[in-house]
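K.L.:
Structure for the following, please:
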Amino acid sequence: MAVVVGLLSVELHLPGCRSLKDKRMVLRSLKDRLKKFNVSAAEVEYLDLWQRAGLGVTTVSNDRRHVEETLNAALAEIERVEPGAITRTEMELLT
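P.N.:
Residues are numbered from 1 along each chain as shown. Below you'll find the predicted structure:
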């Protein structure tokens, strides 16, 4: 059995956040929305900055295409919920 692990790194700029509390509220809502894609998401960078966030989104499957489709769907959801907030993305697949 081949295991494929997918990692999506997403950098966000959140200009509406005026405190860490504001940022964490936005990220909590975003992470809750991503649960429907069967992924794990966590804030992994810029923990002490108000308007900048780095999210790590992961999924595991035995099908490379399924991993790519899942992470692309999660990325599309982030863009839909926070339009224009994404400043950088990177996708890695480990087999």
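
K.L.:
CA atoms for contacts and neighbours, from now on please.
P.N.:
Will do.

K.L.:
Can you list the neighbours in contact with the helix or strand hosting residue 26?
P.N.:
Using DSSP states H and E, residue 26 sits in helix 20-34. The contact list for helix 20-34 (Cα atoms under 8 Å, 6 or more residues apart in numbering) reads 14, 17, 40-43, 48-51, 74, 77-78, 81.

K.L.:
ok, so of these, who is nearest residue 95?
P.N.:
Proximity of those to residue 95 (Cα to Cα) peaks at residue 40, which lies at 18.1 Å.

K.L.:
which residues touch the closest one?
P.N.:
Residues near residue 40 by Cα under 8 Å, 6+ apart: 34, 57-59.

K.L.:
if you set the cut-off to 6 Å instead, what comes out?
P.N.:
The contact partners of residue 40, by Cα atoms under 6 Å, 6 or more residues apart in numbering, come to 57-58.

K.L.:
State the distance from it to residue 70.
P.N.:
Per Cα to Cα, to the nearest Å, residue 40 is found 11 Å from residue 70.

K.L.:
what's the answer for residue 89, then?
P.N.:
Distance of residue 89 to residue 70, computed by Cα to Cα: 15 Å.

K.L.:
quick one: which of those two has more around it?
P.N.:
Neighbour count, other Cα atoms under 10 Å: between residue 89 and residue 70, residue 70 has more, with 20 against 14.

K.L.:
Can you tell me the element that one falls in?
P.N.:
For residue 70, the element it lies in under DSSP H and E is helix 64-81.

K.L.:
Who are the packing partners of that helix?
P.N.:
Contacts defined by 3 or more Cα pairs under 6 Å, 6 or more residues apart in numbering; DSSP states H and E place helix 64-81 against no helix or strand at all.
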